[in-house]
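Undergrad: Please find the sequence and the predicted model below.
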Amino acid sequence: MRNVAAAIVLAVAAGLGGFASNGVPTAAAASPVKVVIIVGPTGSATASYRIGADAAYAEAIKYTPNVVRLYSPIATWTAVKAATAGASIVVYLGHGNGWPSPYTNDPLYTTKDGFGLNATANNGDSNTKYYGEPSIATLSLAPNAVILLNRLCYASGNSEPGNAEPTKTVAKQRADNYAAAFLKAGARGVIADGHISSVAYYIRALFTSHLTLDQLWRAAPNYHAHTFAFASVRNPGFTVEMDPDNLASSYYRSLSGALTLSADSVTHLAPLTGFVAEPARTVTRTTGTR
């Protein structure tokens, strides 16, 4: 599988070329593509999540002026729902509340598989309220939207820090469940990555390449080549891929949706030339809690 990743990197580098004489990729005109970056309340960890969100913002603003930031303590459901209307890329950093979990079963998923947001605005970084699948399914996203879930528990199949590793079966259920309502709302890709500093890569790839979602996910710097895929149970017709850090543990990367969708179909513009996948490097997993 590592040969596959290497082939993708070479294809990207060779196929997109186009560097200016100073070695900088040629620029593209600003686009109206909408990117929304959300930071939910995570107590004392919120400041570090804002840093990650600011890195995502710094990347997104290179390609479009239409970048909206909603950070705790003003990231309420009302504000988030309004901001995400027409968004092509939605980034969320914060608490995750998924299923299966050690907590009470919620058969309607009213608090599961969505966002942990401020219950009320301007009341600190610990007033978390979970908005689950019924809420997420009402989002009005742009066609072919992609959701980037960063540093969440459960979203990629993982457990909370300190809890036991899930079985492969449970991890698959968690990843499939967490993507379900976003796909129902019209998104065509949900990338969940528990590693710190992963979002900027995905934003750059979506704006600067012709790669499919599957290809750009496999070309990410924290790809481990432990990939397996299965048909979504929650959203028939879509596929879920997972790439645990180890062969059967540490489920920190997943991709759900239409895996053959091209990046430029998400951002609706001709990509910049010169995109090169980042080299693999040591990554840091989330230290956040639910």
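TA: Sure, I can see it.

Undergrad: For the helix or strand containing Glu59, which helices and strands make contact with it?
TA: If you go by DSSP states H and E, Glu59 is part of helix 46-60. Packing contacts for helix 46-60, counted by 3 or more Cβ pairs under 8 Å, 6 or more residues apart in numbering; DSSP states H and E, involve strand 35-39, strand 67-71, strand 89-93, strand 146-150, helix 199-208. The C-beta positions use only the backbone N, C-alpha and C, and glycine is treated the same way.

Undergrad: JSON lines for these, including mean pLDDT, distance to Thr260 and mean neighbour count?
TA: Formatted as JSON lines, the helices and strands packed on helix 46-60 follow (pLDDT from 0 to 100; distance: least, Cβ to Cβ, whole Å; neighbours: other Cβ atoms under 10 Å):
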{"stretch": "strand 35-39", "mean pLDDT": "98", "distance to Thr260": "23", "mean neighbour count": "26"}
{"stretch": "strand 67-71", "mean pLDDT": "98", "distance to Thr260": "27", "mean neighbour count": "20"}
{"stretch": "strand 89-93", "mean pLDDT": "98", "distance to Thr260": "18", "mean neighbour count": "29"}
{"stretch": "strand 146-150", "mean pLDDT": "98", "distance to Thr260": "13", "mean neighbour count": "26"}
{"stretch": "helix 199-208", "mean pLDDT": "96", "distance to Thr260": "15", "mean neighbour count": "24"}
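
Undergrad: Of all those, which one is nearest Pro102?
TA: Nearest to Pro102, of all these, is strand 146-150, at 20.2 Å by Cβ to Cβ.

Undergrad: Each with direction, which strands does the closest one pair with?
TA: strand 89-93 (parallel), strand 189-193 (parallel) (DSSP bridges).

Undergrad: Okay, angle between the very next helix or strand once past that strand and strand 89-93 too, please.
TA: Sequence-wise, the next helix or strand downstream of strand 146-150 (DSSP H and E) is helix 168-184. Using axes from the mean of the first three to the mean of the last three Cα atoms, to 10 degrees, the direction of helix 168-184 lies 130 degrees away from that of strand 89-93.

Undergrad: related to what we said a few turns ago, which stretch among the helices and strands packed on helix 46-60 comes nearest Ala121?
TA: strand 67-71 (10.3 Å).

Undergrad: for the closest one, packing partners?
TA: strand 35-39, helix 46-60, helix 77-83.

Undergrad: Any chance you could give me whichever strand or helix holds Val240 in CSV, C-alpha atoms only?
TA: When elements are assigned from DSSP H and E, Val240 belongs to strand 239-242. C-alpha atoms of strand 239-242 as CSV (Å, rounded to 0.1, in the frame of the first residue of the first chain):
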residue,chain,number,x,y,z
THR,A,239,-18.0,4.1,1.0
VAL,A,240,-16.0,4.3,4.3
GLU,A,241,-12.2,4.0,4.3
MET,A,242,-10.1,3.8,7.5
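
Undergrad: tell me the mean pLDDT over that strand?
TA: Regarding strand 239-242, the rounded mean pLDDT is 98.

Undergrad: just stretch 209-227 next, same as before
TA: 96.

Undergrad: cool, stretch 160-179 as well?
TA: pLDDT averaged over stretch 160-179 gives 96.

Undergrad: before we move on, back to that, please tabulate the helices and strands packed on helix 46-60 in CSV and include distance to Ala56 as additional columns.
TA: Formatted as CSV, these follow (distance: least, Cβ to Cβ, whole Å):
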stretch, distance to Ala56
strand 35-39, 5
strand 67-71, 9
strand 89-93, 5
strand 146-150, 8
helix 199-208, 4
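
Undergrad: Among these, which comes closest to Ser232?
TA: Here strand 146-150 is closest among the helices and strands packed on helix 46-60 (Cβ to Cβ), at 14.6 Å.
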